[in-house]
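J.: The following comprises the amino acid sequence and a computationally predicted model.
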Amino acid sequence: MKVELHGIHKFFGNNHANNDITLNIPAGTIQGILGENGAGKSTLMKILSGFIHADGGEILLDDKAVFIQSPATAIHYGVGMLHQDPLDFPPMRVIDNFMIGHTGGLFPNRASVTRDLRLLAEQFGFSLDPDSYVDSLTVGERQQLEIIRLLWLGARVLILDEPTTGISASQKEKLFATLRTLGEQGKTIIFVSHKLEDVEVLCHQVAVLRQGSLVGEAKKPFDTKKLVEMMFGKEISLGARQAVGQQGGVLSLRGISIEDVRLKIKDVDLEVHAGEVIGLAGMEGSGQGSFLRACAGIVRPVDGRVRVRGRDLTGKTYHVYKRNGVEFLPAARLEEGLVPGLSLTEHYVLAERSKGVFINRERGVRLAEERIAAFNIKGTPVNTVESLSGGNQQRALLSLLRSPLSLVLIEHPTRGLDIESVIYIWGKLKERCRHGAAIVFISSDLEEILQYSDRVLVFFSGKVSEPLDAATTSVEQLGQMIGGKGWPEVGAS
Amino acid sequence: MIKNSRWINLGFQLAALVLALGFTTLILLAAGAPPLEAYKNIITGSFGSFKKFSDVLVSWVPLLLVSAGLLVTFATGLWNIGVEGQITLGAIATTWALRELQDTSLPPSLIIFLAILAGMAGGALWASLAGALKTFGGVNEIFGGLGLNFVATALTIYLIFGPWKRPGVASMSGTVPFDEALHLTLFPGLRLSPWALVIALIAIVVVYFLLQGTYFGLRLKAVGRNFRAAYRLGVPTWQYMMLSFLICGALAGVAGAMQVTAVYYRLIPAISSGYGYLGLMVAMLVNYQAIWAAPVALFFAALNIGSIQLPIVLKLDSSLSGVLQGMLVLFVLIVEGVRQQLSRRS
């Protein structure tokens, strides 16, 4: 089926998530959609699959304008989407998951549906037992189930969001073979990914999004360098880099291994010195999140030792780390960082070490006024944190840090903030460095990483690079590594 | 602006009250009863005489104790449905202590004091089970509490018909009443104990200050509103949840102890008298603000006592008060939801 998007616009508040995107995908094409996190890829795909509605523009399927009201309408028109995290029902059986979107009659005919499932699975060489439970399947198998389910429901356009995350190499091969077959059958495949390698191998043509706009298109064969340039843009300077003198070890990781559902990180060594800033680069979900949390005792490494200022804290809880001068600032400010419903004053009182039983309100308010002034927060002591803007919430998070500190671990310190806030927040962080703290942070903004880090670790599918010197690394190099290029071939990921 | 919205809020609350009354009136009309007569009976039945008002206070004491406890668990974001069982276990522990100590040479006042402490411990113990199920077993406190309520009821029945049965024949009327020396002192001529009243008032005042002005209360609130952020800010979260359960259980246990030492003087099958569920309604109705708990609990107690004479005078079931209480909570919640919808839209 031919898919055309014309001038798609989508706003989330002030954020222009999709800006006038026009895309033509002929039937039988495998279309790649590339872009960094927050580029607008998922938004566009959710519009096409009916999860959200566009604020402007139109969608044409086989030259006919359609309004896709919901995912059910989408599948009615033949558009099916495979989400990054499978949207299935783990406690239910494969066959029940398979039937659940079907809208025929009150009593489903299990026997005939089971036959259909087996036939479809066989056709693509998937081995799915209709009676097993979905939570016993691997991510790859759940994906296979979802693909044949959508095909069974009549999908002629298949959208896959980051489908190669969390599946094995052989499952990936099978997936690609399946997608090629479907393409030959005239079905349209839209493949959303940040992995350059996968896109290059699989896709016929690719569109690159950046900050909500379509910045370029390319056809096979692809020029990797050009794709990276389109994805991350040209280098813009944020001013001179400033290194802080380094003294003494703060954090020492020895042979750290971390496992979660999707990824395994193996055997990482790292020494972080006082005053140093380490940037963790990588696409979301490449392992840097677990790694950062492991440095704070929130995620427990399966192997290896963590030392903070020489003290072995392996296996201790975050509160022990905290007492040893480690603080973790999460990206989800209102979910993990701050307590909605409590005022700024209450936050400062909460974060301070308590003196006595009763709260001294006046002291609390005075403390709040001091911090609000020092961190230039636009708010008053009685404001609840959720009433602050994102930038001010971030400032509030920073203003809650205790002194003195050894190590600050931050997820996306400046995501979604205006440039003024970015510079301000980094000024405050560098001040911490001058007082002997080290900083380890995650960012999807490569400029930010190179600008503010001394050294950089790149994460790709759980693989961790050797520390790179930020001063001699370019945005392009970093972008290639994030996309899985230019890694020394050591073992399978 | 703030003042303005406060008046608007009050208006919404009044609307809820009117709606609840309206709905109950409809039910009365459907039942063929004269609504005005019924309401008049409730009012005279609760505030008609000093004696009647003192009966309202008798009912107010356990309700206030339970509501005070529930304010603590609600602040921590916990739905302590198990509070009924915690009252029951308080009563059982009190009865046990009185039975054990009644034949000793200890002064009666000391025995009563120890029995109330035992009740406190019993309630706290029962709450700690719900808490442990939640924090260590991952069992939602609503389900854990509900299950424990049934166990508590079964335990009461077992004790009344088994080990603690009356000599001769066991009966639903409960265990053997305790000697008068082991009753809490009452106001002369009334069924109200000054001690019980004082204990309940102390409880609500302590809870008010606990939640308003202490580090402890602030941490409880932080845990209740955002568990993960509270942990990140250094609050030992599961410990605070557990403490919250213990405090609520202890207060519910005292309520049970009051039922034994100042109202029934024995263990009866329905010793909790539904005060746990009623307390949940009070806590919801006051929107977790301690300052309103006392008047709202008094209102609920008045409805309870006022409707007692309905069956005699109007041949109506006394559960009418329950209808009105339930309606009130439902309409207050609905109206609050509507208010939030409206304010979000504007």
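T.: Received the coordinates, thanks. Numbering: from 1, shown residues only, chains lettered A, B, ... in the order given.
J.: and A:Leu196, how many neighbours?
T.: For A:Leu196, the count of nearby residues is 22 (other CB atoms under 10 Å in any protein chain shown). For glycine as for every other residue, the C-beta is placed from the backbone atoms N, C-alpha and C.
J.: can you check A:Val382 too?
T.: 12.
J.: OK, contacts around it?
T.: A:Ser343, A:Leu344, A:Thr345 (CB atoms under 8 Å, 6 or more residues apart in numbering or on different chains).
J.: one more time with 6 Å, if that's ok
T.: A:Ser343 (CB atoms under 6 Å, 6 or more residues apart in numbering or on different chains).
J.: Next: A:Arg333.
T.: Counting by CB under 6 Å, 6+ apart, A:Arg333 has contacts A:Gln393.
J.: Next up, the contacts around B:Leu29.
T.: Applying CB under 6 Å, 6+ apart, no residues qualify as near B:Leu29.
J.: For it, identify the helix or strand it belongs to.
T.: helix B:2-30 (DSSP states H and E).
J.: got the buried residues for that helix?
T.: Neighbour-count burial for helix B:2-30, counted by 16 or more other CB atoms under 10 Å in any protein chain shown, picks out B:Gln13, B:Ala15, B:Ala16, B:Leu19, B:Ala20, B:Leu21, B:Phe23, B:Thr24, B:Thr25, B:Leu28.
J.: tell me which residues of stretch A:157-172 are tucked away?
T.: For stretch A:157-172, by 16+ other CB under 10 Å, it's A:157-167, A:171-172.
J.: Give the closest residue to the residue of the stretch 351-493 of chain A found nearest chain B in space, chain neighbours not counted.
T.: Closest to chain B within the stretch 351-493 of chain A is A:Ser354: 4.1 Å, counting by CB to the nearest CB. Using CB to CB, 6 or more residues apart in numbering or on different chains and skipping residues adjacent in sequence, the residue nearest A:Ser354 is B:Tyr215, 4.1 Å away.
J.: so that neighbour makes contact with A:Gly356?
T.: No: counting by CB atoms under 6 Å, B:Tyr215 stays clear of A:Gly356, with 7.9 Å between them.
J.: circling back to that earlier point, what's the spacing between the residue of the stretch 351-493 of chain A closest to chain B and A:Glu370?
T.: Distance, A:Ser354 to A:Glu370, by CB to CB, to the nearest Å: 18 Å.
J.: Also A:Glu141?
T.: 56 Å.
J.: More neighbours: which of these two?
T.: Neighbour count, other CB under 10 Å: between A:Glu141 and A:Glu370, A:Glu141 has more, with 20 against 12.
J.: Mind listing what's buried along stretch A:174-183?
T.: A:Lys174, A:Leu175, A:Phe176, A:Thr178, A:Leu179, A:Leu182, A:Gly183.
J.: send the alpha carbons of that stretch over as PDB?
T.: Extracted C-alpha coordinates of stretch A:174-183, given in PDB (Å, rounded to 0.1, in the frame of the first residue of the first chain):
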ATOM      1  CA  LYS A 174      14.900 -13.700  10.900                       C
ATOM      2  CA  LEU A 175      13.100 -10.400  11.400                       C
ATOM      3  CA  PHE A 176      14.900  -8.800   8.500                       C
ATOM      4  CA  ALA A 177      14.200 -11.800   6.200                       C
ATOM      5  CA  THR A 178      10.600 -11.500   7.200                       C
ATOM      6  CA  LEU A 179      10.500  -7.800   6.500                       C
ATOM      7  CA  ARG A 180      12.100  -8.300   3.100                       C
ATOM      8  CA  THR A 181       9.600 -11.000   2.200                       C
ATOM      9  CA  LEU A 182       6.700  -8.700   3.200                       C
ATOM     10  CA  GLY A 183       8.200  -6.000   1.100                       C
END
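J.: now that stretch, how far from the centre of its chain.
T.: 26 Å (CA atoms, centre = their mean, to the nearest Å).
J.: next one: stretch A:255-268
T.: 18 Å.
J.: Compute the first-to-last residue distance for that stretch.
T.: This stretch, stretch A:255-268, spans 5 Å end to end (CA to CA, to the nearest Å).
J.: Now for the residue nearest to A:Ser354, how many residues are close by?
T.: 18.
J.: B:Leu70 versus that one, what's the distance?
T.: 21 Å.
J.: What of B:Val263?
T.: 20 Å.
J.: B:Thr175 too?
T.: Taking CB to CB, one finds B:Thr175 at 28 Å from B:Leu70.
J.: same check, this time on A:Ile372
T.: Applying CB to CB to A:Ile372 and B:Leu70 gives a distance of 35 Å.
J.: In three-state terms, label B:Leu78 for me.
T.: Here B:Leu78 is coil, with the state taken from DSSP: H, G, I helix; E, B strand; the rest coil.
J.: Residue ranges in the stretch 1-150 of chain B under the pLDDT threshold?
T.: Low-confidence regions of the stretch 1-150 of chain B, defined here as pLDDT under 70, cover residues B:1-5.
J.: In chain A, spot the strand with the most residues.
T.: strand A:247-259 (DSSP state E).
J.: And the contacts of that strand?
T.: A:265-274, A:290, A:294, A:301-308, A:406-407, A:438.
J.: what distance separates that strand from the centre of its chain?
T.: With CA atoms, centre = their mean, you get 24 Å for strand A:247-259.
J.: Next, the buried residues of that strand.
T.: Applying 16+ other CB under 10 Å to strand A:247-259 flags A:Gly249, A:Val250, A:Leu251, A:Ser252, A:Leu253, A:Arg254, A:Ile256, A:Ile258, A:Glu259 as buried.
J.: At the contact with chain A, which residues of the stretch 101-250 of chain B appear?
T.: B:Gly213, B:Thr214, B:Tyr215, B:Leu218, B:Ala222, B:Arg225, B:Asn226, B:Arg228, B:Ala229, B:Leu233, B:Gly234 (CB under 6 Å from any CB of the partner chain).
J.: so what's the second one bridging to?
T.: When bridges are taken as DSSP bridges, the partners of B:Thr214 come out as A:Phe358.
J.: and it, how many neighbours?
T.: Neighbours around B:Thr214, by other CB under 10 Å: 16.
J.: Can you list the low-confidence ranges for the stretch 51-200 of chain A?
T.: A:104-105, A:166.
J.: count of residues packed around A:Gln394?
T.: By other CB under 10 Å, neighbour count at A:Gln394 equals 29.
J.: Just after whichever strand or helix holds it, pick out the following helix or strand.
T.: In this structure, A:Gln394 sits in helix A:390-399 according to DSSP H and E. Counting by DSSP H and E, the element after helix A:390-399 in chain order, helix or strand, is strand A:407-411.
J.: Show me what that following strand packs onto, helices and strands only.
T.: strand A:326-329, strand A:438-442 (3 or more CB pairs under 6 Å, 6 or more residues apart in numbering or on different chains; DSSP states H and E).
J.: mind redoing it with 8 Å?
T.: helix A:288-294, strand A:326-329, helix A:419-434, strand A:438-442 (3 or more CB pairs under 8 Å, 6 or more residues apart in numbering or on different chains; DSSP states H and E).
J.: so of these, which one's packed in deepest?
T.: strand A:438-442 (a mean of 25; mean count of other CB atoms under 10 Å in any protein chain shown).
J.: And the helices in the stretch 101-250 of chain A, which stretches?
T.: For the stretch 101-250 of chain A, the helices defined by DSSP state H, counting those that start in this stretch cover A:110-123, A:139-152, A:169-184, A:196-202, A:224-232.
J.: Run through who's touching the longest one.
T.: With contacts defined as CB under 8 Å, 6+ apart, helix A:169-184 is touched by A:28-30, A:124-126, A:138, A:140-141, A:143-144, A:147, A:151, A:158, A:160, A:163-164, A:167, A:189, A:191, A:198, A:201-202, A:204, A:492.
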